[in-house]
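>>> Fold the following, please.
(one chain, ligands or ions: 2)
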Amino acid sequence: MISLDEARSFVLGGCEPGPAVTLPLADALGLVTAQGAVADEAVPPFANTAMDGFAVRAADTAAAPVTLRVAGTVRAGMSGADSPVGPGEAVRIMTGAPVPPGADAIVMVELTEAAADGSTVVVREAVPEGNHIRPAGDDVVAGDRVLEPGTVLTPGHLGLLATVGLRQVDVVRPPRVGVISTGDELVDDGSPLAPGQIRDSNRLTLRSLVAESGFEAVDLGLVRDDEAAIEAAMRHGADTCDALVTSGGVSMGDFDFVKVVLDRIGDMRWMQISIKPAKPLAFGTISRADGTRVPVFGLPGNPVSSMVSFELFCRPGLRRMAGHAAGDLDRATVVAVVDEPLRRRPDGKTHFARVACHYDEATATYRVRSAGAQGSHHMAAMAAADALAELPDGPTVEPGATVRVRLLRP
Ligand code: AMP
Ligand code: MG
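Ligands and ions are numbered 1, 2, ... in the order given. Now for the predicted structure:
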């Protein structure tokens, strides 16, 4: 058996960041920038008002209350050039509208009283020069660097790029991930189960995990325990996807043909890792005709094992392919207090227990308890789990002790 750290560094070493691609901003949320970006427009592009009210000359308000002649109206979207503010004048103005020539302050509408016919306005308080004016370039100046390479794009970043007039962004191309399940016992068409059959659940869970990670999942189907069929599916997958995730057929069974095929067409390492669940893992690459190496994750078939294996190896590997930094590959991890015993025995392995986890406001701590039966086939507890608790080798973790947990939900 090898350690979790050794297995992870082997896997991550085989997951190279993808090439840069230019995408429309609307398609780039959550992706990692391959290049920085520089603004070639200022924001705001012109001085404008932050308030609805009146554009005035600040000096005219010094002796407030004063009555000013209303010389016009400027709405957002108008240029304002043909509504200059002369001495003793005010121009009615709406939030976002350009400050008209001659004006140097805004009086908010709440501090004014317009005459019934709109021809004059009383300004009740004096305002300083620049009052409520957002100067041109106050936010971004043309030439400012608005984005660094290696940035994970948030809605805020996309808004910033849009506001400086950029329409596209250079990002690391995220992987398209093919998902295959294998096994003669599996049924995926909703038909009644014949003796010995079970339903294929892994393919849906794994596709969903890929999608939840922000990547495109490609359904490569359910493949029988047949060497030729498995080889055809793997080759097709390697030709059409950037990474493959398979489940089943990687343990020591007699019909584990995934192993046979991958050993022949791929460059694989078969690992037994000192963790429970998800001890077996195959990882390596299949080379395409053009020499591109496509990472292959051969996950164990047991449903809980395949999900835990995805969390520990696939998510970080795929995120690395998408350009995420070494410290940003995993789900958020917190330290939690154990509320009920998390049962285990010393066996030389780190256990990943499926737990219910919540944040307790009163004690300002995360609290965990078992989410249910902990077998590698117990999907009910996996589905109920909010987190995976890392139990180091040793006996049962008793109430009051702390454990590290990976949060499966935000
Ligand atoms: P294997 O790794 O192929 O030996 O499978 C280990 C266990 O996982 C067996 O009980 C399989 O029936 C089960 N299993 C394998 N693939 C799937 C799947 N796609 N969905 C649900 N269970 C599976
Ligand atoms: Mg099998």
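>>> Point out the residues in the protein that sit beside ligand 2.
By Cβ under 5 Å from the ion, the residues of the chain that approach ligand 2 are 183, 248, 249, 301. (C-beta placed from N, C-alpha, C; glycine too.)
>>> Flag the least confident of those residues.
Lowest pLDDT among the residues of the chain next to ligand 2: residue 249, with 86.
>>> Quick one: residues contacting that residue.
182, 183, 225, 230, 255, 256, 257, 258, 259, 298, 301 (Cβ atoms under 8 Å, 6 or more residues apart in numbering).
>>> longest single strand anywhere in the protein?
strand 350-360 (DSSP state E).
>>> ok so, going back, considering the contacts of residue 249, which is situated nearest to ligand 2?
residue 183 (3.9 Å; Cβ to the ion).
>>> looking at it, that closest one is touching residue 302, isn't it?
No: in this structure, residue 183 is not within contact of residue 302 by Cβ atoms under 8 Å, at 11.2 Å.
>>> Just the closest residue of the stretch 201-350 of the chain to ligand 1, please.
residue 301 (2.5 Å; Cβ to the nearest ligand atom).
>>> May I see the PyMOL selection of the buried members of the residues of the chain next to ligand 2?
Filtering the residues of the chain next to ligand 2 down to the buried ones (16 or more other Cβ atoms under 10 Å) takes a single PyMOL command:
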select buried, resi 183+248+249+301
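>>> Any chance of a markdown table for the residues of the chain next to ligand 2, columns secondary structure?
Listed next are the residues of the chain next to ligand 2 as a markdown table, based on DSSP: H, G, I helix; E, B strand; the rest coil:
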| residue | secondary structure |
| --- | --- |
| 183 | coil |
| 248 | coil |
| 249 | coil |
| 301 | coil |
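>>> Kindly indicate which of the residues of the chain next to ligand 2 lies nearest residue 384.
For the residues of the chain next to ligand 2, the minimum distance to residue 384 (Cβ to Cβ) is 21.4 Å, reached by residue 301.
>>> ok, which stretches of the stretch 51-200 of the chain are strands?
Ranges of strands in the stretch 51-200 of the chain, per DSSP state E, counting those that start in this stretch, are 53-56, 66-74, 89-93, 105-108, 112-114, 120-123, 133-134, 145-147, 168-172, 176-182, 186-187, 198-199.
>>> ok, and for the longest strand of the chain, which residues are buried?
Under 16+ other Cβ under 10 Å, the buried positions of strand 350-360 are 350, 351, 352, 353, 354, 355, 356, 357.
>>> Skip the chain neighbours and tell me the closest residue to the fourth one.
Spelled out, it's residue 353. What sits nearest to residue 353 in space, not counting adjacent residues and going by Cβ to Cβ, 6 or more residues apart in numbering, is residue 389, at 4.5 Å.
>>> quick one: secondary structure of that neighbour?
Residue 389 is classified as strand under three-state DSSP.
>>> quick one: what helix or strand has residue 306 in it?
Per DSSP states H and E: residue 306 is located in helix 303-309.
>>> Do you know the pLDDT at residue 257?
For residue 257, the predicted pLDDT is 88.
>>> before we move on, back to that, hmm, the helix holding residue 306 touching ligand 1?
Yes: applying Cβ under 6 Å from any ligand atom, one finds helix 303-309 touching ligand 1 at residue 303.
>>> for the following helix or strand past that helix, the distance to its chain's centre please.
Later in the chain than helix 303-309, the nearest helix or strand by DSSP H and E is helix 315-321. Offset of helix 315-321 from its chain centre (Cα atoms, centre = their mean, to the nearest Å): 12 Å.
>>> and helix 315-321, what other elements does it pack with?
Here helix 315-321 touches helix 4-13, strand 243-247, strand 293-299, going by 3 or more Cβ pairs under 8 Å, 6 or more residues apart in numbering; DSSP states H and E.
>>> okay, those, which one's buried deepest?
strand 243-247 (a mean of 29; mean count of other Cβ atoms under 10 Å).
>>> which other helices and strands contact the helix or strand just after that strand?
Per DSSP H and E, the first helix or strand lying C-terminal to strand 243-247 is helix 257-265. If you count contacts as 3+ Cβ pairs under 8 Å, 6+ apart, helix 257-265 packs onto helix 227-240, strand 280-287, strand 293-299.
>>> Go ahead and produce PDB holding the CA coordinates of stretch 59-72.
Output of stretch 59-72 as PDB, limited to C-alpha atoms (Å, rounded to 0.1, in the frame of the first residue of the first chain):
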ATOM      1  CA  ALA A  59     -20.500  78.600  -5.100                       C
ATOM      2  CA  ASP A  60     -24.100  79.500  -5.900                       C
ATOM      3  CA  THR A  61     -25.200  77.400  -2.900                       C
ATOM      4  CA  ALA A  62     -22.900  79.000  -0.300                       C
ATOM      5  CA  ALA A  63     -25.700  81.300   1.000                       C
ATOM      6  CA  ALA A  64     -28.300  78.600   1.100                       C
ATOM      7  CA  PRO A  65     -31.300  78.600   1.100                       C
ATOM      8  CA  VAL A  66     -31.100  80.000  -2.400                       C
ATOM      9  CA  THR A  67     -33.400  79.900  -5.400                       C
ATOM     10  CA  LEU A  68     -31.900  78.900  -8.800                       C
ATOM     11  CA  ARG A  69     -33.400  79.000 -12.200                       C
ATOM     12  CA  VAL A  70     -33.900  75.500 -13.700                       C
ATOM     13  CA  ALA A  71     -32.200  75.500 -17.100                       C
ATOM     14  CA  GLY A  72     -33.000  72.000 -18.300                       C
END
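>>> which residues touch that stretch?
Stretch 59-72 has contacts (Cβ under 8 Å, 6+ apart) with 54, 56, 82-92, 100, 105, 107, 114, 118-127.
>>> Quick one: buried ones out of those?
Taking 16+ other Cβ under 10 Å as the criterion, what is buried in those is 54, 56, 83, 85, 89-92, 100, 105, 107, 121, 123, 126-127.
>>> in the stretch 251-400 of the chain, which ranges drop under the pLDDT threshold?
Regions of the stretch 251-400 of the chain meeting the criterion pLDDT under 70 are absent.
>>> Could you rerun that using 90?
Along the stretch 251-400 of the chain, segments meeting pLDDT under 90 span 251-257, 259, 289.
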